[in-house]
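Q: Build me a model:
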Amino acid sequence: MEYGIKGQFNGTIDEKGRLLLPGKIRASLPEDVLVQTRSVDRCIWLFPLEPWNKLESQIRENSSLTSSQSRLIQRRLIAPAHEVNIDSAGRIKLSASIMKSVDVVRDCVILGLDDHIEVWDVETYEEYQKATEEELNEALEGLNF
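A: Next comes the predicted model:
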């Protein structure tokens with residue numbers, strides 16, 4: 001299922017750890033519940049329930065307790081994950097421990113990526129863009145438009 005969550009927005013996390021989701025992103029969400037977790041990059045992932053459940057199932061199906069890589073993925077992605085409600089003002093409460101683990105503090109970039117949302121610290125996202133510029137050009141060259 002496609003969600004059509006799109007766009008890049010600037011945001012600010014308030015002193016209580018709340019983030020106002022842009023109206024365009026909220027309008028694409030099927031419900032007022034998201035699952036937040038730490039991303040594989042230095043950002044926060046926010047998923048609607050259905051795509052999160054699909055990802056979690058895929059991880060579980062391809063994991064083994066005896067595999068160190070499986071345990072790492074489960075500890076980094078599954079363990080910190082939890083549901084958050086979007087309040088009547090369109091805000092979500094971000095997890096302090098997840099924010100700390102990815103260095104998201106106040107000013108952030110919010111990215112809509114079809115079936116999920118990423119929340120990046122502004123400076124970290126700028127560093128990421130610079131560091132991956134050459135990789136992006138190589139990836140674009142490999143696509144057939």
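Q: Check which helices and strands the longest helix along the chain sits against.
A: Using DSSP state H, we find that the single longest helix of the chain is helix 49-61. Contacting helix 49-61 under the criterion 3 or more CB pairs under 8 Å, 6 or more residues apart in numbering; DSSP states H and E are the following elements: strand 33-38. Where you see a C-beta, it was placed from the backbone N, CA and C, and this is true even at glycine.
Q: Next, the buried residues of the strand it packs on.
A: If you call a residue buried by 16 or more other CB atoms under 10 Å, then strand 33-38 has these buried ones: 34-38.
Q: how about stretch 125-134: buried residues?
A: For stretch 125-134, the neighbour count (16+ other CB under 10 Å) marks 125, 128 as buried.
Q: so what pLDDT did the spatially most central residue of the chain get?
A: Centroid check for the chain by CA atoms, centre = their mean gives Trp45 as the closest residue, at 1.6 Å. For Trp45, the pLDDT comes out at 97.
Q: Repeat that for Met1.
A: pLDDT recorded at Met1 is 66.
Q: where does the protein dip in pLDDT?
A: The model of the chain has pLDDT under 70 over residues 1, 145.
Q: the helices in this protein, which residues?
A: With DSSP H as the criterion, the chain has helices spanning 23-28, 49-61, 68-73, 96-102, 122-131, 133-141.
Q: Let me have those in JSON lines, adding distance to Asp114 as columns.
A: What follows is these, written out as JSON lines (distance: least, CB to CB, whole Å):
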{"stretch": "helix 23-28", "distance to Asp114": "9"}
{"stretch": "helix 49-61", "distance to Asp114": "9"}
{"stretch": "helix 68-73", "distance to Asp114": "22"}
{"stretch": "helix 96-102", "distance to Asp114": "21"}
{"stretch": "helix 122-131", "distance to Asp114": "18"}
{"stretch": "helix 133-141", "distance to Asp114": "17"}
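Q: of all these, which lies closest to Gln8?
A: helix 122-131 (9.3 Å; CB to CB).
Q: Mind listing residues that contact the closest one?
A: 10, 41-43, 102-104, 107-109, 120 (CB atoms under 8 Å, 6 or more residues apart in numbering).
Q: ok, now with 10 Å
A: 8, 10-12, 41-43, 102-109, 111, 118-121, 136 (CB atoms under 10 Å, 6 or more residues apart in numbering).
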